[in-house]
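In: Sequence plus predicted model, see below.
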Amino acid sequence: MNRRAHAQRGQTFPIWAFGTLTVLTMLALALSYGQMVAWQIRAMNAADAAAKGMLSVQTTQWNETEAVLHASAVEEYRLRVTMNDLLETIHGDGGCTKSTPTQETCTSIYQTLRHNYLDALQRYTNDVSIMGRISAPGWTQQVSEIQAALAQYQQYCGTPEGGDCSFDYTLVEVTPRPNTYTEDVYADCCNWVVGGGTSSGNQKLDLTPMQLEIVTCANVTPWIPNFWNWNAHSYQVVGRAAATSIMDTQEFLWVGSMVDPASTSGAVLQPSEYPENASDQPVGFFNNDQYYRIDYGGNPNIADNTGDPSTVSGGGYYYTASYPGLQAADGWWTAMPIQPFAGNLTAGVNFSCK
């Protein structure tokens, strides 16, 4: 009886061994599948980061252009008003006098205005020169710069300036965004609009938003052969990502009236200037030097052109040619992910694999 019971207990070992082997095999397959998923996510993240990063060649250029255009517009407005002030002093208008000792003489005001005019002219000339350099690269050069940037991105892989060293990066397509409008993003004191369409017609190619697609690829050796010594084959992981240039923010500024959020003293954006005085202060004329001061919020010949133009009547902005002011609407561009669009691709033909 004891011998028979011992023999029956020995029959459970094959079942236990087979069950353990099955569990280990399932665990190995699960870990292998997890490795594949992790590599695929890694490939997609690498492609997405590269697509949005390479598109910054265009978006950065356009943002720099916006900034310089704003600066040059301010200088141009300053030049126009200062030139008008010079004409007033030549004719003895605007409160200056040629003889009264208690007031600034037209000659002294003219000299100060002339000095400020020449300074503004030099700044405006510099802005125009910078604008020429920034806006010079056209579509073809932008594409070349993107290709060069992607090569450098791969060269410096593993550093903060580079990509993932496990992948080859390939720029598979760069095309204009195939639509007839650009998205409208607008915000001011009273409205907020996102979306919609702004007709762009047949704009110049150099001013057309790009869309590009990048592929990342790597040959991955599974970990199973190293552990089980099985004859498992390596496999490819491919990531595809595309992006396009969009204007995601537009700032409409009540220049001369809106408080600068960066100011600690509550100063407005482009406050009034007094070019007739080297210290940029009123020289004491009536109506706060209304005939000489530069007021970006409206007509400098209106004494009460201060405050928020959307609520103050009789001053600030007037949307007619007879009441000039400087309106500023600056749009800022960035890259937005989109669905891959390059169609069917083949490794070794359309892209390389590391």
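Out: Thanks, I have it.
In: low-confidence ranges in the stretch 251-354 of the chain?
Out: Within the stretch 251-354 of the chain, the stretches with pLDDT under 70 are 284-290, 298-324.
In: go with 50
Out: 300-322 (pLDDT under 50).
In: Please apply the same query to the chain.
Out: 1, 300-322.
In: Contacts for stretch 331-341, please.
Out: With contacts defined as Cβ atoms under 8 Å, 6 or more residues apart in numbering, stretch 331-341 is touched by 48, 51-53, 55-56, 58-59, 62-63, 66, 173, 175, 185, 211, 213, 240-251. (Each C-beta comes from the backbone N, C-alpha and C, glycine too.)
In: Same question for it: list its buried residues.
Out: When burial is assessed from 16 or more other Cβ atoms under 10 Å, stretch 331-341 yields the following buried residues: 331, 333-336, 338, 340-341.
In: Please report phi then psi for the nearest residue to Tyr124 once chain neighbours are set aside.
Out: Using Cβ to Cβ, 6 or more residues apart in numbering and skipping the chain neighbours, the partner closest in space to Tyr124 is Glu75 (4.0 Å). The main-chain torsion angles of Glu75 are listed as degrees, to the nearest 10 and equal phi -70, psi -40.
In: what about Glu75, how many neighbours?
Out: By the other Cβ atoms under 10 Å criterion, the neighbourhood of Glu75 contains 20 residues.
In: how about JSON lines for the buried residues of stretch 331-341, with distance to Arg123 and secondary structure added?
Out: Below are the buried residues of stretch 331-341 laid out as JSON lines (distance: Cβ to Cβ, whole Å; DSSP: H, G, I helix; E, B strand; the rest coil):
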{"residue": "Gly331", "distance to Arg123": "23", "secondary structure": "strand"}
{"residue": "Trp333", "distance to Arg123": "25", "secondary structure": "strand"}
{"residue": "Thr334", "distance to Arg123": "29", "secondary structure": "strand"}
{"residue": "Ala335", "distance to Arg123": "32", "secondary structure": "strand"}
{"residue": "Met336", "distance to Arg123": "35", "secondary structure": "strand"}
{"residue": "Ile338", "distance to Arg123": "40", "secondary structure": "strand"}
{"residue": "Pro340", "distance to Arg123": "46", "secondary structure": "coil"}
{"residue": "Phe341", "distance to Arg123": "44", "secondary structure": "coil"}
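In: and these as CSV, adding distance to Val268?
Out: Output for these, formatted as CSV (distance: Cβ to Cβ, whole Å):
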residue, distance to Val268
Gly331, 22
Trp333, 27
Thr334, 28
Ala335, 33
Met336, 33
Ile338, 39
Pro340, 47
Phe341, 46
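In: Closest one of those residues to Pro137?
Out: Nearest to Pro137 among these: Trp333, at 14.9 Å, using Cβ to Cβ.
In: Give the buried residues for the longest strand that the chain contains.
Out: Scanning the chain for the longest strand, with DSSP state E as the assignment, gives strand 235-253. Of the residues in strand 235-253, those buried by neighbour count under the rule 16+ other Cβ under 10 Å are 237-247, 250-253.
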